[in-house]
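> Turn this into a structure:
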Amino acid sequence: MKKQFLLTAFAMAPALGLANHDLAIELVEVTAERDLDPTADQIFSDAPLTKPVHDAGELLRSVTGMSATRRGGRGFEPIIRGQSQNRLNIISDGAFNYGACPGRMDPPTTYVGFDSFDQVSVIKGNRSVIYGAGGSGGTLLFEHQRPEFDESGYRGNVRLGYTGNSDLRSAAVDFAAGNDRGFVRVFGENIESDNYDDGDGNTVSSAFDSNSFGVIVGGDIGNHYLEASHEVANEEDLFYAGNGMDAPYADSTTSRFKWDYNASIGPVDALSLNLYRSDVTHLMDNYTLRPRNAMPNGMAAPSSSDTWGGRFMATLNGDNSEWRVGIDHRANDRRADLFMDAGKDGSFDMLVSRMWPDIEQRLTGLFAELDYKLNAVDELRVGVRYDQFRSEATSSEKPAGMMGAATPANLYQANYGTRSNKATTNDLGLVLGWDRKLSESTLFSTNLSRSVRHPDASENFIARSAMGKSWVGNPNIDPEIHQQLDLTLLSRQGDSHWSATVYWDEVTDYIERYNRGTATLYRNTNAQLRGVELEAGKPLFGGVSARVGIAYTEGEGDNGDLANISPLQATTHVDYQRDGWSVGVQWIVADRQNRIDVNNDVPEETAGFGVVNIYGNWEVTDALSLEAGVENVADKNYAYHVNTASSDPFDPTAVRVNEPGRQYWIKARYQF
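Below is the predicted model of the structure:
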């Protein structure tokens, strides 16, 4: 079977029955070794890869209602319905992974070797309490699934790719061996890329080298299933057009353990335990890769982020119900120091700022969730979770800067009138969903939720003061409270489908970054996010089909428009498919964006654009397939509105990074 990228327009149960309230889940499958059963829970288009993607965040731009900020060739920050960063829960095989860069060069998706994952689920909004606190914007689930074997006892694939313009070369391998009792799986990927040119022929700093590999071992022992995994991602020589520094390296190591027990224990039908640890180290500076500063002194910021935790959950099934109850814990320690390097030789001569002064954050939650089938046409979901959040800057009184006066506590005092270095909150999250089957082909879904988004390390305690400018977190900042409502109507008749969603998010204590003089600070305000999404697909004639997705989001706060809100955007595909091959064209159209936040966006409206891409797929044999295409056929110069300014401590000026100009790409896949 060929390996494909598959995208659900929506998810529903057989013949559009009740869908266990997960209708908002969209799925991008990256190993499509499965039959597209029309009675399956997910409905897929079977289009192969339609663009060259080399970062998990960039891949998710394919989903209606999602975007991603571009810094260069790596480090795409996913955005769902105008929400990003830790307003999204990003979970890789049960593990959270927080990047180590204060400038967010390395969002969690950077360390996801997505080409080895079997499926990526996108849950828009807050529709479940089992994935942890927060997640007001949504949840991204990257998952490796247990492999299935034929009589040979092994399976695998090799992938090679090339993209022009940036001269990007990629190679990956994925191999598994075992039987129905146990398995071992190993995978790895290498990507090397140079800078690319935009549509005007200007070089955009975007080069990088990326290497990742992993191993998974799993097996059954009676009613127990045990699985252990270890993954390493090493990024080197990363150039960023959208940040004031580059990154000589960014490395991540993640270990996981999983236990499932599938037998009854009294009223309990199944138990599961997931444990993980993820360590990230990162270095950014303004001299190693290219001269970013003409001064004789360089600046460097080594940093680290260590995350560990787990979840224990019990499942109880009734005749018309399913309970999921459990406890989860998430811990994160972050440290980042800013040094002056007098000789630009890596000696780190003077500590300028304790940017992340040994920040420790702990989040522990209890949850219970019930799916209940009321009758043949109605199903309810009710979920509740209680969380305790603790955050502390343990090195806030330690010296930094000239004469040691720039302690984090002094910066907090100067900007907020407090020397506090601790924060604790107790919070309640709720989910209430109702799905109703209106006919054999039409379903209505509504979801009401309350979620609490806690401040991240930077919003709470970052402390940078250098060159007459400061960037200081707010020790007294309150967590955000999101109260959301979304309504979805969807239909499927044969191979035709459509869906329409409207949503509203009322946010109390929205955490807003703003500028006061030469200081970049944080405050609470109130805000609203609202929008609409429309999707449809239909076979037309003789192997020709079309699909379209339209998304629009507005974001307003007490102080004006919110930053990094994408404008109205529509994506249209027209595909022609025959036995063994297919071709298609994609047209992306984005409106002009004049609703901006001058503190964080480029202080002028963003021009709209229209871009055409073409792609094709050829199944040479049952084992070998070729995919190729041309991105930005007209070689237009354009950029998405969303940008990186709101997270770069070294160059707070908003930077709009142009997308690549015309680029040709090809990818070969061989499966065995």
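> hey, let's count contacts and neighbours off CA atoms from now on
OK.
> which strand residues sit across from Val217 in the sheet?
Val184, Ala228 (DSSP bridges).
> Could you report the neighbour count for it?
Applying other C-alpha atoms under 10 Å, we find 19 residues neighbouring Val217.
> show me the contacts for it.
With contacts defined as C-alpha atoms under 8 Å, 6 or more residues apart in numbering, the neighbours of Val217 are 182-185, 227-229.
> how about 7 Å then?
Val217 is in contact with 183-185, 227-229, counting by C-alpha atoms under 7 Å, 6 or more residues apart in numbering.
> TSV for those, including distance to Ala590 and pLDDT?
Formatted as TSV, those follow (distance: C-alpha to C-alpha, whole Å; pLDDT from 0 to 100):
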residue	distance to Ala590	pLDDT
Phe183	46	98
Val184	45	98
Arg185	42	97
Glu227	44	98
Ala228	44	98
Ser229	41	98
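> Same list (those) but as CSV, adding distance to Ser347.
Below are those laid out as CSV (distance: C-alpha to C-alpha, whole Å):
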residue, distance to Ser347
Phe183, 47
Val184, 43
Arg185, 41
Glu227, 43
Ala228, 39
Ser229, 36
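> Format the residues you listed as JSON lines; extra columns: distance to Arg159 and neighbour count.
Shown next, in JSON lines, are those (distance: C-alpha to C-alpha, whole Å; neighbours: other C-alpha atoms under 10 Å):
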{"residue": "Phe183", "distance to Arg159": "22", "neighbour count": "21"}
{"residue": "Val184", "distance to Arg159": "20", "neighbour count": "20"}
{"residue": "Arg185", "distance to Arg159": "16", "neighbour count": "20"}
{"residue": "Glu227", "distance to Arg159": "26", "neighbour count": "19"}
{"residue": "Ala228", "distance to Arg159": "25", "neighbour count": "18"}
{"residue": "Ser229", "distance to Arg159": "22", "neighbour count": "19"}
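> Any regions of the chain where pLDDT drops low?
Scanning the chain for pLDDT under 70 picks out the ranges 1-49, 603, 644-654.
> centroid residue for it?
In the chain, the centroid-proximal residue (C-alpha atoms, centre = their mean) is Pro78; its distance is 4.6 Å.
> May I have the phi/psi pair for that one?
Main-chain dihedrals, Pro78, degrees, to the nearest 10: phi -70, psi 150.
> what's the closest of the contacts of Val217 to Thr418?
Thr418 lies nearest to Ser229 out of the contacts of Val217, by C-alpha to C-alpha, at 44.1 Å.
> Could you tell me how far the nearest residue in space to the closest one that is not next to it in sequence is located from Ser116?
Nearest residue to Ser229, sequence neighbours excluded (C-alpha to C-alpha, 6 or more residues apart in numbering): Ile216, at 4.3 Å. Taking C-alpha to C-alpha, to the nearest Å as the measure, Ile216 and Ser116 are separated by 12 Å.
> So the two - more neighbours on which side?
Neighbours per residue (other C-alpha under 10 Å) separate Ile216 from Ser116, with Ser116 holding more: 24 against 20.
> Would you mind confirming that the residue nearest to the centre of the chain is in contact with Ser84?
Yes: Pro78 is in contact with Ser84 according to C-alpha atoms under 7 Å; the separation is 6.1 Å.
> tell me which residues of the longest helix seen in the chain are tucked away?
When the chain is parsed with DSSP state H, its longest helix is helix 408-416. Of the residues in helix 408-416, 408-412, 415-416 count as buried by neighbour count, 16 or more other C-alpha atoms under 10 Å.
> same question, stretch 459-477
For stretch 459-477, a neighbour-count test (16+ other C-alpha under 10 Å) marks 459-465, 470-477 as buried.
> What residues are bridge-paired with the closest residue to Asp333 other than its chain neighbours?
Of all residues not flanking Asp333 in the chain, Glu360 sits nearest, at 4.6 Å (C-alpha to C-alpha, 6+ apart). Listed by DSSP bridges, the beta-bridge partners for Glu360 are Asp333, Glu392.
> Now do Glu360 against Phe461, distance only.
Going from Glu360 to Phe461 by C-alpha to C-alpha gives 10 Å.
> Mutual contacts of these two, please.
Common contact partners of Glu360 and Phe461 (C-alpha under 7 Å, 6+ apart): Ala393.
> my read: Pro302 touches Arg334, true?
No: contact criterion C-alpha under 7 Å: Pro302 and Arg334 do not qualify, at 11.1 Å.
> In terms of neighbours, single out the busier of the two.
Shown here are Pro302 and Arg334; by other C-alpha under 10 Å, Arg334 has more neighbours (26 against 21).
> ok, that one touching Met355?
No: using C-alpha under 7 Å, Arg334 is not in contact with Met355, being 9.8 Å away.
> partners of the helix or strand in which Ser445 is found in the sheet?
In the assignment (DSSP states H and E), Ser445 maps to strand 442-453. Note on strand 442-453: by DSSP bridges, its sheet partners are strand 422-437 (antiparallel), strand 480-493 (antiparallel).
> closest to Arg104 out of the ones you listed?
Ranking the strands paired with strand 442-453 by proximity to Arg104 (C-alpha to C-alpha) places strand 480-493 first, at 20.4 Å.
> and the closest one, how far out from the chain's middle?
Distance of strand 480-493 from the chain centroid (C-alpha atoms, centre = their mean, to the nearest Å) equals 20 Å.
> all numbers from here: first residue = 34
Yep, numbering from 34; the last one is strand 513-526 now.
> For that strand, which residues meet the burial criterion?
Using 16+ other C-alpha under 10 Å as the test for burial, strand 513-526 gives 513-525.
> Then stretch 354-369?
Residues of stretch 354-369 classed as buried: 355-369 (neighbour count, 16+ other C-alpha under 10 Å).
> For stretch 623-637, what is the distance to the chain centroid?
The chain centroid and the centroid of stretch 623-637 are separated by 23 Å, computed with C-alpha atoms, centre = their mean.
> returning to what we had before: look up how far Ala401 lies from the residue nearest to Asp366.
Distance, Glu393 to Ala401, using C-alpha to C-alpha: 27 Å.
> One more: Asn493?
Going from Asn493 to Ala401 by C-alpha to C-alpha gives 29 Å.
> try Phe345
Distance from Phe345 to Ala401, counting by C-alpha to C-alpha: 12 Å.
> And those two? Which one has more around it.
More neighbours surround Ala401 than the other of Phe345 and Ala401, with 21 against 17 (other C-alpha under 10 Å).
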